[in-house]
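>>> predicted model and sequence follow; I will ask about them next.
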Amino acid sequence: MDLLHYFPQADQKRLRALLAEKSAWLGQEKKGFLRYREPLQSVQHLRASSCDFSGDVVRIGTSNELQADDQERVHQVLRGLTPWRKGPFSVFGVEIDAEWRSQRKWNRITPELPELAGKVVADIGCNNGYYMFRMLPHQPDFVLGFEPYVHHYYAFHILNAFAGQQRLQVEPLGIEHLELFPGCFDVIFCLGILYHRPSPLDALRDLHAALAPGGCLIVESQAIPGSEPVALFPEQTYAKAPGTWFVPTAACLQNWLTRTGFREVRLFCEHAMSSEEQRRTDWMDFESYQDFIDKDNPAFTIEGYPAPRRVFFKAKK
Ligand SMILES: C[S@@+](CC[C@H](N)C(=O)[O-])C[C@H]1O[C@@H](n2cnc3c(N)ncnc32)[C@H](O)[C@@H]1O
(Lines give C-alpha, C1' and ligand atoms only; values in the text may rest on other atoms or scores of the structure.)
Protein backbone atom coordinates (compact mmCIF):
# COMPACT_ATOMS: atom_id res chain seq x y z
CA MET A 1 0.00 0.00 0.00
CA ASP A 2 1.13 3.55 -0.74
CA LEU A 3 2.94 4.97 2.30
CA LEU A 4 0.91 8.17 2.11
CA HIS A 5 -2.30 6.22 2.74
CA TYR A 6 -1.28 6.01 6.42
CA PHE A 7 -0.68 9.74 6.69
CA PRO A 8 -3.72 11.70 5.51
CA GLN A 9 -2.66 14.62 7.75
CA ALA A 10 0.85 14.80 6.25
CA ASP A 11 1.96 17.48 3.85
CA GLN A 12 1.30 15.06 0.99
CA LYS A 13 2.71 17.20 -1.80
CA ARG A 14 6.03 17.93 -0.10
CA LEU A 15 6.29 14.38 1.24
CA ARG A 16 5.68 12.86 -2.19
CA ALA A 17 8.32 15.19 -3.68
CA LEU A 18 10.82 14.34 -0.93
CA LEU A 19 10.28 10.58 -1.32
CA ALA A 20 10.72 10.89 -5.10
CA GLU A 21 13.91 12.87 -4.57
CA LYS A 22 15.26 10.26 -2.13
CA SER A 23 14.33 7.45 -4.47
CA ALA A 24 16.16 9.14 -7.36
CA TRP A 25 19.14 9.68 -5.06
CA LEU A 26 19.21 5.98 -4.13
CA GLY A 27 18.76 4.99 -7.78
CA GLN A 28 22.05 6.58 -8.86
CA GLU A 29 24.63 4.32 -10.50
CA LYS A 30 27.17 5.15 -7.80
CA LYS A 31 29.54 2.46 -6.62
CA GLY A 32 28.60 3.13 -3.02
CA PHE A 33 24.92 2.44 -3.76
CA LEU A 34 25.45 -0.49 -6.18
CA ARG A 35 27.39 -2.16 -3.38
CA TYR A 36 24.02 -2.58 -1.64
CA ARG A 37 21.55 -2.57 -4.50
CA GLU A 38 23.13 -5.48 -6.40
CA PRO A 39 23.21 -7.82 -3.38
CA LEU A 40 19.56 -6.93 -2.66
CA GLN A 41 18.61 -7.73 -6.26
CA SER A 42 20.49 -11.03 -6.10
CA VAL A 43 18.46 -12.37 -3.16
CA GLN A 44 15.16 -10.52 -3.13
CA HIS A 45 13.31 -13.45 -4.75
CA LEU A 46 13.98 -15.58 -1.64
CA ARG A 47 11.06 -15.48 0.79
CA ALA A 48 11.14 -17.11 4.23
CA SER A 49 8.28 -19.48 4.89
CA SER A 50 8.50 -18.95 8.66
CA CYS A 51 9.49 -16.02 10.85
CA ASP A 52 9.53 -15.51 14.60
CA PHE A 53 9.76 -11.99 15.97
CA SER A 54 8.76 -12.83 19.54
CA GLY A 55 12.16 -13.85 20.94
CA ASP A 56 15.44 -12.08 21.58
CA VAL A 57 16.75 -13.29 18.22
CA VAL A 58 14.74 -12.04 15.23
CA ARG A 59 14.31 -15.25 13.19
CA ILE A 60 13.68 -14.98 9.47
CA GLY A 61 13.50 -18.38 7.79
CA THR A 62 15.44 -21.52 8.66
CA SER A 63 18.50 -23.16 7.14
CA ASN A 64 16.57 -26.05 5.57
CA GLU A 65 14.36 -23.71 3.51
CA LEU A 66 17.09 -22.99 0.96
CA GLN A 67 19.18 -24.96 -1.53
CA ALA A 68 22.90 -24.93 -0.78
CA ASP A 69 23.74 -22.32 -3.45
CA ASP A 70 21.05 -19.91 -2.24
CA GLN A 71 22.15 -20.50 1.33
CA GLU A 72 25.70 -19.57 0.38
CA ARG A 73 24.54 -16.45 -1.50
CA VAL A 74 22.49 -15.28 1.50
CA HIS A 75 25.48 -15.83 3.74
CA GLN A 76 27.71 -13.78 1.43
CA VAL A 77 25.16 -10.96 1.18
CA LEU A 78 24.76 -10.79 4.96
CA ARG A 79 28.54 -10.89 5.49
CA GLY A 80 28.81 -8.08 2.96
CA LEU A 81 26.69 -5.94 5.29
CA THR A 82 29.19 -6.02 8.15
CA PRO A 83 29.50 -4.15 10.44
CA TRP A 84 26.16 -5.21 11.97
CA ARG A 85 25.42 -2.78 14.76
CA LYS A 86 22.01 -3.98 15.96
CA GLY A 87 20.72 -7.53 16.43
CA PRO A 88 20.74 -10.47 16.97
CA PHE A 89 19.21 -11.99 13.86
CA SER A 90 18.98 -15.52 12.52
CA VAL A 91 18.43 -15.41 8.76
CA PHE A 92 17.91 -18.72 6.98
CA GLY A 93 20.07 -20.20 9.72
CA VAL A 94 22.84 -17.57 9.48
CA GLU A 95 23.36 -16.36 13.04
CA ILE A 96 24.22 -12.65 13.13
CA ASP A 97 25.79 -11.67 16.44
CA ALA A 98 25.66 -7.87 16.12
CA GLU A 99 27.69 -5.37 18.14
CA TRP A 100 24.68 -4.47 20.29
CA ARG A 101 22.56 -7.00 22.12
CA SER A 102 19.53 -4.94 21.19
CA GLN A 103 17.16 -7.35 22.90
CA ARG A 104 18.30 -5.86 26.21
CA LYS A 105 17.04 -2.41 25.26
CA TRP A 106 13.80 -3.88 23.91
CA ASN A 107 13.28 -5.93 27.07
CA ARG A 108 13.65 -2.78 29.18
CA ILE A 109 10.94 -1.11 27.10
CA THR A 110 8.38 -3.92 26.92
CA PRO A 111 6.98 -3.53 30.47
CA GLU A 112 6.11 0.06 29.48
CA LEU A 113 5.17 -0.59 25.86
CA PRO A 114 2.20 1.56 24.83
CA GLU A 115 -0.65 -0.13 23.00
CA LEU A 116 0.59 -0.80 19.45
CA ALA A 117 -2.35 -2.81 18.13
CA GLY A 118 -3.87 -1.01 15.14
CA LYS A 119 -1.57 1.99 15.65
CA VAL A 120 0.61 3.99 13.28
CA VAL A 121 4.11 4.01 14.70
CA ALA A 122 7.44 5.70 13.90
CA ASP A 123 10.89 4.40 14.79
CA ILE A 124 13.34 7.28 14.44
CA GLY A 125 16.86 6.17 13.55
CA CYS A 126 15.63 2.60 13.18
CA ASN A 127 18.96 1.26 11.90
CA ASN A 128 18.35 -2.20 10.37
CA GLY A 129 14.84 -2.39 11.84
CA TYR A 130 15.56 -4.77 14.74
CA TYR A 131 12.99 -3.06 17.01
CA MET A 132 10.48 -2.73 14.18
CA PHE A 133 10.49 -6.51 13.74
CA ARG A 134 10.10 -6.88 17.52
CA MET A 135 6.99 -4.64 17.38
CA LEU A 136 5.19 -6.97 14.97
CA PRO A 137 3.81 -9.43 17.56
CA HIS A 138 2.03 -6.39 19.08
CA GLN A 139 0.02 -5.96 15.86
CA PRO A 140 0.73 -2.36 14.80
CA ASP A 141 -1.16 -1.21 11.73
CA PHE A 142 1.99 0.29 10.22
CA VAL A 143 5.53 1.11 11.36
CA LEU A 144 7.59 3.67 9.47
CA GLY A 145 11.31 3.61 10.13
CA PHE A 146 13.33 6.79 9.57
CA GLU A 147 16.90 5.88 8.60
CA PRO A 148 19.03 8.22 6.48
CA TYR A 149 22.12 5.97 6.31
CA VAL A 150 22.23 3.90 3.13
CA HIS A 151 23.96 0.96 4.77
CA HIS A 152 21.27 0.54 7.43
CA TYR A 153 18.49 1.32 4.95
CA TYR A 154 19.61 -1.57 2.73
CA ALA A 155 20.21 -3.91 5.67
CA PHE A 156 16.52 -3.47 6.54
CA HIS A 157 15.40 -3.89 2.94
CA ILE A 158 17.38 -7.10 2.51
CA LEU A 159 16.02 -8.52 5.79
CA ASN A 160 12.49 -7.54 4.89
CA ALA A 161 12.80 -8.92 1.34
CA PHE A 162 13.15 -12.28 3.11
CA ALA A 163 10.60 -11.55 5.85
CA GLY A 164 7.96 -9.96 3.56
CA GLN A 165 6.36 -7.84 6.29
CA GLN A 166 4.09 -5.30 4.58
CA ARG A 167 3.38 -3.44 7.82
CA LEU A 168 7.00 -2.33 8.03
CA GLN A 169 8.64 0.25 5.82
CA VAL A 170 11.90 2.16 6.08
CA GLU A 171 12.53 5.39 4.19
CA PRO A 172 15.86 7.23 3.89
CA LEU A 173 14.56 10.08 6.05
CA GLY A 174 15.90 11.74 9.17
CA ILE A 175 14.31 13.12 12.31
CA GLU A 176 14.51 16.53 10.61
CA HIS A 177 11.81 15.33 8.17
CA LEU A 178 9.27 14.78 10.96
CA GLU A 179 7.88 18.25 10.26
CA LEU A 180 6.21 16.74 7.16
CA PHE A 181 4.16 14.46 9.45
CA PRO A 182 2.12 16.76 11.74
CA GLY A 183 -0.10 14.82 14.16
CA CYS A 184 0.55 11.59 12.23
CA PHE A 185 1.82 8.99 14.71
CA ASP A 186 0.12 7.28 17.63
CA VAL A 187 3.45 6.11 19.03
CA ILE A 188 7.00 7.27 18.33
CA PHE A 189 10.17 5.49 19.42
CA CYS A 190 13.23 7.72 19.54
CA LEU A 191 16.02 5.48 20.80
CA GLY A 192 19.68 6.47 20.84
CA ILE A 193 19.17 9.67 18.83
CA LEU A 194 18.85 12.78 21.01
CA TYR A 195 22.53 13.14 21.96
CA HIS A 196 23.37 13.05 18.23
CA ARG A 197 21.26 16.16 17.62
CA PRO A 198 22.89 19.60 17.84
CA SER A 199 19.54 20.92 19.02
CA PRO A 200 17.80 18.30 21.16
CA LEU A 201 15.02 20.77 22.01
CA ASP A 202 14.15 21.25 18.34
CA ALA A 203 14.19 17.46 17.95
CA LEU A 204 11.79 17.08 20.89
CA ARG A 205 9.52 19.80 19.49
CA ASP A 206 9.44 17.97 16.14
CA LEU A 207 8.63 14.69 17.91
CA HIS A 208 5.83 16.39 19.83
CA ALA A 209 4.36 17.92 16.68
CA ALA A 210 4.48 14.59 14.82
CA LEU A 211 2.44 12.81 17.52
CA ALA A 212 -1.33 12.58 17.24
CA PRO A 213 -3.20 14.12 20.19
CA GLY A 214 -2.81 11.73 23.14
CA GLY A 215 0.06 9.98 21.33
CA CYS A 216 2.96 8.43 23.21
CA LEU A 217 6.72 8.97 22.95
CA ILE A 218 9.27 6.44 24.14
CA VAL A 219 12.63 8.16 24.26
CA GLU A 220 15.93 6.62 25.25
CA SER A 221 19.20 8.48 25.49
CA GLN A 222 22.76 8.28 26.57
CA ALA A 223 23.06 10.18 29.87
CA ILE A 224 25.61 11.27 32.43
CA PRO A 225 25.18 10.46 36.11
CA GLY A 226 23.97 13.08 38.58
CA SER A 227 20.82 14.59 39.99
CA GLU A 228 21.31 18.18 38.74
CA PRO A 229 19.42 19.16 35.55
CA VAL A 230 22.57 19.70 33.45
CA ALA A 231 24.03 18.40 30.20
CA LEU A 232 27.60 17.65 29.19
CA PHE A 233 28.77 19.33 25.98
CA PRO A 234 31.97 17.51 24.98
CA GLU A 235 34.87 19.47 23.51
CA GLN A 236 35.19 17.14 20.50
CA THR A 237 34.15 13.55 21.10
CA TYR A 238 32.31 11.63 23.81
CA ALA A 239 33.31 7.97 24.22
CA LYS A 240 35.13 8.48 20.89
CA ALA A 241 31.90 9.43 19.06
CA PRO A 242 32.40 12.70 17.18
CA GLY A 243 28.71 13.35 16.51
CA THR A 244 27.73 13.75 20.16
CA TRP A 245 26.41 17.15 21.26
CA PHE A 246 24.49 17.29 24.54
CA VAL A 247 24.56 14.38 27.00
CA PRO A 248 21.95 15.17 29.67
CA THR A 249 21.33 13.85 33.16
CA ALA A 250 17.95 12.15 33.60
CA ALA A 251 16.70 15.30 35.38
CA CYS A 252 17.80 17.47 32.46
CA LEU A 253 16.02 15.28 29.89
CA GLN A 254 12.92 15.32 32.11
CA ASN A 255 12.97 19.14 31.96
CA TRP A 256 13.57 19.17 28.21
CA LEU A 257 10.52 16.93 27.72
CA THR A 258 8.31 18.98 30.00
CA ARG A 259 9.37 22.30 28.52
CA THR A 260 8.79 21.10 24.94
CA GLY A 261 5.16 20.40 25.82
CA PHE A 262 5.05 16.74 26.83
CA ARG A 263 2.90 15.69 29.77
CA GLU A 264 2.95 12.65 32.06
CA VAL A 265 6.73 12.56 31.60
CA ARG A 266 8.11 9.56 33.44
CA LEU A 267 11.59 8.05 33.77
CA PHE A 268 11.07 4.29 33.77
CA CYS A 269 14.56 2.88 33.45
CA GLU A 270 18.14 3.98 34.03
CA HIS A 271 21.23 1.83 33.80
CA ALA A 272 24.99 1.97 33.27
CA MET A 273 26.39 0.94 29.90
CA SER A 274 28.62 -2.11 29.68
CA SER A 275 30.70 -4.19 27.31
CA GLU A 276 28.23 -7.01 27.95
CA GLU A 277 25.71 -5.09 25.88
CA GLN A 278 27.93 -3.41 23.27
CA ARG A 279 30.99 -5.32 22.13
CA ARG A 280 33.10 -6.42 19.21
CA THR A 281 31.91 -9.60 17.50
CA ASP A 282 32.57 -11.55 14.31
CA TRP A 283 29.92 -9.35 12.66
CA MET A 284 31.33 -6.02 13.93
CA ASP A 285 35.08 -6.10 14.13
CA PHE A 286 35.79 -2.42 14.82
CA GLU A 287 36.31 -0.78 18.19
CA SER A 288 33.47 -1.08 20.66
CA TYR A 289 32.50 -0.06 24.20
CA GLN A 290 35.62 -1.34 25.95
CA ASP A 291 37.77 0.84 23.66
CA PHE A 292 35.71 3.94 24.49
CA ILE A 293 36.19 3.71 28.26
CA ASP A 294 39.23 4.45 30.42
CA LYS A 295 40.74 1.03 31.12
CA ASP A 296 42.11 2.10 34.51
CA ASN A 297 38.95 3.84 35.63
CA PRO A 298 35.80 2.56 33.94
CA ALA A 299 33.73 5.32 35.57
CA PHE A 300 35.18 7.62 32.87
CA THR A 301 35.31 7.71 29.09
CA ILE A 302 38.61 7.76 27.24
CA GLU A 303 38.32 11.59 27.16
CA GLY A 304 37.87 11.79 30.95
CA TYR A 305 34.12 12.47 30.95
CA PRO A 306 31.68 10.52 33.15
CA ALA A 307 30.99 7.13 31.53
CA PRO A 308 27.63 6.86 29.76
CA ARG A 309 24.45 5.66 31.32
CA ARG A 310 21.17 5.12 29.46
CA VAL A 311 17.82 6.61 30.48
CA PHE A 312 14.31 5.77 29.25
CA PHE A 313 11.30 8.08 29.39
CA LYS A 314 7.67 7.67 28.48
CA ALA A 315 5.72 10.84 27.74
CA LYS A 316 2.37 11.84 26.25
CA LYS A 317 1.29 14.60 23.90
C1 LIG B 1 22.97 5.23 18.02
S2 LIG B 1 22.08 4.58 16.66
C3 LIG B 1 20.57 4.08 17.44
C4 LIG B 1 19.89 2.99 16.69
C5 LIG B 1 18.62 2.43 17.37
N6 LIG B 1 17.56 3.42 17.37
C7 LIG B 1 18.91 1.95 18.74
O8 LIG B 1 18.51 2.60 19.71
O9 LIG B 1 19.54 0.91 18.91
C10 LIG B 1 21.59 6.04 15.76
C11 LIG B 1 20.82 5.74 14.49
O12 LIG B 1 20.28 6.95 13.96
C13 LIG B 1 20.55 7.03 12.58
N14 LIG B 1 20.59 8.44 12.19
C15 LIG B 1 21.65 9.19 11.81
N16 LIG B 1 21.25 10.45 11.50
C17 LIG B 1 19.92 10.49 11.71
C18 LIG B 1 18.91 11.50 11.55
N19 LIG B 1 19.22 12.71 11.12
N20 LIG B 1 17.64 11.18 11.85
C21 LIG B 1 17.31 9.94 12.27
N22 LIG B 1 18.21 8.95 12.43
C23 LIG B 1 19.49 9.21 12.15
C24 LIG B 1 21.89 6.29 12.44
O25 LIG B 1 22.14 5.89 11.12
C26 LIG B 1 21.67 5.14 13.40
O27 LIG B 1 21.00 4.07 12.79
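Great, that's in hand. Numbers count the residues shown, from 1 in each chain.
>>> going forward, measure contacts between C-alpha atoms and count neighbours the same way
OK.
>>> L207: which element?
helix 200-210 (DSSP states H and E).
>>> please apply the same query to R266.
strand 263-272.
>>> so what touches the following helix or strand past the helix holding L207?
Per DSSP H and E, helix 200-210 leads on to strand 211-223 as the next helix or strand towards the C-terminus. Contact with strand 211-223 is made by 114, 182-195, 207, 247-250, 308-317, as judged by Cα atoms under 8 Å, 6 or more residues apart in numbering.
>>> swap in stretch 263-274?
108, 112, 250, 254, 257-258, 289-290, 307-317.
>>> of those residues, which belong to strands?
R309, R310, V311, F312, F313, K314, A315, K316 (DSSP state E).
>>> what's the ChimeraX syntax to select whichever of the contacts of stretch 263-274 are buried?
The ChimeraX selection below is limited to those of those classed as buried (16 or more other Cα atoms under 10 Å):
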select :250,254,257,289,290,307,308,309,310,311,312,313,314,315,316,317
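>>> now do the contacts for the residue nearest to A212 when sequence neighbours are not counted.
Excluding its sequence neighbours, the residue lying closest to A212 (Cα to Cα, 6 or more residues apart in numbering) is G183, at 4.0 Å. Each residue near G183 by Cα under 8 Å, 6+ apart is listed here: Q9, A10, A209, A210, L211, A212, P213.
>>> let me know the closest of those to the ligand.
Here the nearest of the contacts of G183 to the ligand, counting by Cα to the nearest ligand atom, is A210; it sits at 13.9 Å.
>>> isn't that closest one up against E179?
Yes - using Cα atoms under 8 Å, A210 is in contact with E179, at 6.8 Å.
>>> which one of these two has more residues nearby?
Neighbours were counted for A210 and for E179 using other Cα atoms under 10 Å; A210 has more, 25 against 18.
>>> now do stretch 95-102: distance from first to last residue.
End-to-end span of stretch 95-102 (Cα to Cα, to the nearest Å): 15 Å.
>>> contacts for that stretch, please.
By Cα under 8 Å, 6+ apart, the residues outside stretch 95-102 that reach it are 83-90, 130-131, 277-284, 288.
>>> do the same with stretch 39-55
58-62, 65, 73-74, 77, 92, 133-137, 154, 157-158, 161-164.
>>> for burial, what's the neighbour tally of A161?
A161, neighbours per other Cα under 10 Å, totals 19.
>>> ok, for it, nearest residue in space, not its chain neighbours?
Q44 (5.3 Å).
>>> any idea how far the ligand is from the one you found?
Noted for Q44: a distance of 22 Å to the ligand, by Cα to the nearest ligand atom, to the nearest Å.
>>> pick out the residue nearest the middle of this structure.
C126 (2.5 Å; Cα atoms, centre = their mean).
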